[in-house]
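[1] model this:
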Amino acid sequence: MLCAPASLIEQGRSSLCRCDAQSLEKQPKLFDMNNPVTARLNKRMAELGLCSRREADAWIERGWVRVNGEVASMGMQVTPDAHITVDKQAQGQQAQRVTVLLNKPMGFVSGQAEDGHEPAITLINPRTHWRQDSSGLRFTPPQLRGLAPAGRLDIDSIGLLVLTQDGRVARQLIGEDSVMEKEYLVRVRTMGPGPALRVGERPEELQAIDEHDPVTTNVQAVFPPAMLARLRHGLSLDGQALQPARVDWQNPEQLRFVLTEGKKRQIRRMCELVGLKVVGLKRIRIGRVVLGQLPVGQWRYLGPHERF
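    Presented below is the predicted three-dimensional model:
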């Protein structure tokens with residue numbers, strides 16, 4: 001009987017172990033029942049569009065959320081296939097929350113009061129409620145509780161500003177993964193190309209703007225098409241390349257911008273990079289909701305059948 005030397009046997013075992021390990025690494029990894037992919041319950045509820053994370057935490061704390069039939073607890077982890085249900089009390093509370101559309105005038109800030117300027121929420125009152133509001137809702141003081149802007153509009157810009165009590169709306173408009181379209185009318189003048197405004201630098205105040213303003217300067221005639229192409233795609237701000245934008249001439253001195261991101265003073269800074277000076281800016285659409293005929297300084301409710 002022939003016997004292999006012990007050293008050869010050990011080498012063979014090592015070789016087999018290496019081969020087995022390599023072959024296992026090449027095989028697709030199967031779902032590990034002992035370590036499934038999970039996420040925090042409040043995050044999962046927000047991803048499903050049930051509510052915001054803050055709302056989810058409040059509902060969980062009150063015992064209004066169940067996971068696979070069991071009352072949920074704060075901070076719990078859930079798998080993607082978990083069955084999440086919400087109590088009718090939470091649904092009723094959510095149904096009472098309002099979203100308001102304001103045609104913000106110049107001189108008002110979107111959020112907290114600053115530099116002596118009033119916040120836009122001070123315009124939400126019965127006197128400024130648009131008489132042609134067709135939502136069927138009536139103003140009550142509790143609607144101001146927790147009402148916050150979902151996005152910002154510069155102090156000297158005008159147009160559509162959304163304020164909401166509904167975390168689902170806020171997440172849809174300004175969440176980390178939001179790509180909601182926002183449309184603007186922008187009146188411009190020519191200037192020499194130069195650096196964009198630095199963050200924190202205060203630009204010159206803008207003028208009021210409207211779609212039907214008379215044209216006084218033909219900027220379009222002297223603005224190179226190549227620069228218009230750069231506005232659409234090819235610019236960077238703060239060291240980051242901007243997402244593609246839709247930019248077209250509305251009339252010889254007004255551009256129409258459609259953006260899916262919102263850096264601070266983005267449009268003004270983009271225009272300066274291509275030799276244009278913004279002298280008026282108005283937001284006219286967010287998603288599928290348009291400003292329409294809503295007068296400056298007045299507001300209306302988001303209707304029951306309107307969706308962004």
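
[2] Secondary structure class of M106, three-state.
    coil (DSSP: H, G, I helix; E, B strand; the rest coil).

[3] what's the next secondary structure element after the helix or strand where W59 lies?
    W59 is located in helix 53-61, with elements delineated by DSSP states H and E. Helices and strands here follow DSSP H and E; after helix 53-61, the next one along the chain is strand 65-67.

[4] what does that next one contact?
    The contact list for strand 65-67 (C-beta atoms under 8 Å, 6 or more residues apart in numbering) reads 41, 45, 56, 59, 71-72, 76, 78, 82-87, 90. All C-beta atoms are positioned from the backbone trio N, CA, C, and that covers glycine.

[5] and after it, which helix or strand comes next?
    Remark: after strand 65-67, the chain's next helix or strand is strand 70-71, criterion DSSP H and E.

[6] contacting residues for the residue nearest to T128 when sequence neighbours are not counted?
    Nearest residue to T128 in three dimensions, chain neighbours excluded: Q298, at 5.1 Å (C-beta to C-beta, 6 or more residues apart in numbering). The contact partners of Q298, by C-beta under 8 Å, 6+ apart, come to 102-103, 123, 128-130.

[7] among these, who's most crowded?
    Compared across the contacts of Q298, L102 has the highest neighbour count, 27 neighbours, by other C-beta atoms under 10 Å.

[8] picking up where we left off before, I'd like the contacts of Q298 as CSV, with pLDDT and secondary structure appended.
    CSV is the format used below for those (pLDDT from 0 to 100; DSSP: H, G, I helix; E, B strand; the rest coil):
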residue, pLDDT, secondary structure
L102, 98, strand
N103, 98, strand
L123, 96, helix
T128, 97, helix
H129, 97, strand
W130, 97, coil
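
[9] Closest to M227 out of these?
    Set against M227, the nearest of the contacts of Q298 by C-beta to C-beta is N103 (31.1 Å).

[10] Next up, phi/psi of the nearest residue to the closest one once chain neighbours are set aside, please.
    Nearest residue to N103, sequence neighbours excluded (C-beta to C-beta, 6+ apart): L294, at 4.6 Å. The phi/psi pair for L294 (degrees, to the nearest 10) reads phi -60, psi 120.

[11] Return the distance of L294 relative to R138.
    According to C-beta to C-beta, to the nearest Å, L294 and R138 sit 18 Å apart.

[12] These two: which is more packed in?
    Ranked by neighbour count (other C-beta under 10 Å), L294 and R138 place L294 first, with 18 against 10.

[13] which residues touch the more buried one?
    101, 103, 130, 300.

[14] can you tell me which two in the contacts of Q298 are farthest apart?
    Pairwise over the contacts of Q298, using C-beta to C-beta, the maximum falls at N103 and H129, 12.2 Å.

[15] R269: neighbouring residues, count only.
    Counted with other C-beta under 10 Å, R269 comes out at 22.

[16] Mind pulling up the pLDDT for it?
    At R269, the model reports a pLDDT of 95.

[17] just how off-centre is the host helix or strand of it within its chain?
    In this structure, R269 sits in helix 266-273 according to DSSP H and E. Centroid displacement of helix 266-273 relative to its chain, using C-alpha atoms, centre = their mean, to the nearest Å, is 20 Å.

[18] so how far is R307 from the residue nearest the centre of the chain?
    The chain has I174 as the residue nearest its centroid, 2.4 Å off, counting by C-alpha atoms, centre = their mean. Separation of I174 from R307 (C-beta to C-beta) stands at 16 Å.

[19] just the strands in the stretch 1-150 of the chain please.
    With strands called from DSSP state E, counting those that start in this stretch, the stretch 1-150 of the chain shows them at 39-40, 65-67, 70-71, 77-78, 84-86, 99-104, 148-149.

[20] so for the fifth one, what's the average pLDDT?
    Strand 84-86 shows a mean pLDDT of 90.
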